[in-house]
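*Asks:* Need a 3D model of the sequence below.
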Amino acid sequence: MLLVWLYGVMVVGAVSRSAVQIATEFDKAPLAYSLSAVAGLVYGFITYSLVRGGERARRAALVCCAAELAGVLIVGTWTLADPSAFPDATVWSDYGMGYLFIPVLLPITAMFWLRGSRAVTS
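*Replies:* Sure, this is the predicted structure:
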């Protein structure tokens, strides 16, 4: 339940932030705002998969969490290596520092939980 709740919070945060930024100042940092929107969609899919349950949804969530973690690591490293590429922060900037590092910790936690839940249901 905690994972679903945390992913739900991240959906609201990422989608609302990116929607406002895209609507009001997209020309300022289109890459950053687009990546935040993508993060929100990824969080939404993972939330849906966790709520839906079942083996197929669990596998889809596991793959999506791995993709999310890869995104956080790539974008986080990119924002540190080339800050000029991101005139404004994304959800995944600096490994999610603006979100208390939840974007990097959440997929790791979710993947451990999802792998453990497979062992329990098998």
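*Asks:* Run through who's touching the helix-or-strand element of the chain with minimal mean pLDDT.
*Replies:* One helix or strand of the chain scores below all others by mean pLDDT, DSSP states H and E: helix 102-121, with a mean of 83. Under the contact criterion Cβ atoms under 8 Å, 6 or more residues apart in numbering, helix 102-121 has outside partners 3, 6-7, 10, 39, 46, 50, 55, 58, 61-62, 65-66, 68-69, 72-73, 76, 91-92, 95-96. (Each C-beta comes from the backbone N, C-alpha and C, glycine too.)
*Asks:* Check which residues of that helix are buried.
*Replies:* By neighbour count with 16 or more other Cβ atoms under 10 Å, helix 102-121 contains the buried residues 102-107, 110-111, 113-114, 117.
*Asks:* ditto for stretch 26-35
*Replies:* 29, 32-33, 35.
*Asks:* try stretch 48-59
*Replies:* Buried, per 16+ other Cβ under 10 Å, within stretch 48-59: 48-50, 57-58.
*Asks:* which one of the residues you listed is nearest Pro87?
*Replies:* Tyr48 (32.0 Å; Cβ to Cβ).
*Asks:* Skip the chain neighbours and tell me the closest residue to that closest one.
*Replies:* Ala57 (8.0 Å; Cβ to Cβ, 6 or more residues apart in numbering).
*Asks:* Equivalent analysis for Ala61, please.
*Replies:* Ser49 (3.7 Å).
*Asks:* The helix or strand where that neighbour lies packs against which elements?
*Replies:* Element membership for Ser49 (DSSP states H and E) is helix 30-52. The contact analysis (3 or more Cβ pairs under 8 Å, 6 or more residues apart in numbering; DSSP states H and E) places helix 30-52 against helix 2-25, helix 55-81, helix 102-121.
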